[in-house]
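Asks: Turn this into a structure:
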Amino acid sequence: MSGAVSLCAKASLRTGSGLVSCVIPKSIIERVGVLVPEATYVLCDERDGCIDIKKEQLDNIIKRADVIAFGIGIGRANHIIELLEYIIKNFTKAKETKEIVNYYIDIKVDGQIRNYYS
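Replies: Model prediction:
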């Protein structure tokens, strides 16, 4: 998990993003922080080997963010799907500015495929 988020953060910084904030489990901050010291970090708990972020924390992130990259080393637990659904529903900034309006996601959870389209 730490390698994926580190590569994504570095790529984002190298392509000209201003402030890059990574939402990561507390358990990997030492590895990721050393690899990408110029990023900022939102630390969260873990559940089933994946991030476990509270809605209040997520609302704060959504309010501050211009762009959200989701899924980099995130895992496939059921609560992760709920997080994705919450972000898609509540991250309206991209839809308002029409900068990011296209996405297509197929996620298989418990043998069922959930489709998301813009």
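Asks: C-alpha only now, for contacts and for neighbours.
Replies: Fine.
Asks: any idea which helix or strand of the protein has the worst average confidence?
Replies: Least confident element among the helices and strands of the chain, by mean pLDDT, DSSP states H and E: strand 104-109 (a mean of 52).
Asks: Surely Cys22 and Ala9 touch.
Replies: Yes - taking contacts as CA atoms under 8 Å, Cys22 lies within contact range of Ala9: 7.2 Å.
Asks: Touching both of the two, which residues are there?
Replies: Listed contacts common to Cys22 and Ala9 are Ala39; contacts here mean CA atoms under 8 Å, 6 or more residues apart in numbering.
Asks: mind checking pLDDT for Ile100?
Replies: As predicted, Ile100 sits at a pLDDT of 44.
Asks: what are the ranges of the strands in this protein?
Replies: 21-25, 40-47, 50-52, 104-109, 112-117 (DSSP state E).
Asks: Which residue would you name as the spatial centre of the chain?
Replies: Phe70 (3.3 Å; CA atoms, centre = their mean).
Asks: Could you check how far that residue is from Ile62?
Replies: Phe70 sits 12 Å away from Ile62, taking CA to CA, to the nearest Å as the criterion.
Asks: lowest-confidence stretch among the strands of the chain?
Replies: Ranked by mean pLDDT, the strands of the chain end with strand 104-109 at the bottom, a mean of 52.
Asks: low-confidence ranges in the chain?
Replies: Low-confidence segments of the chain, defined by pLDDT under 70: 1, 94-118.
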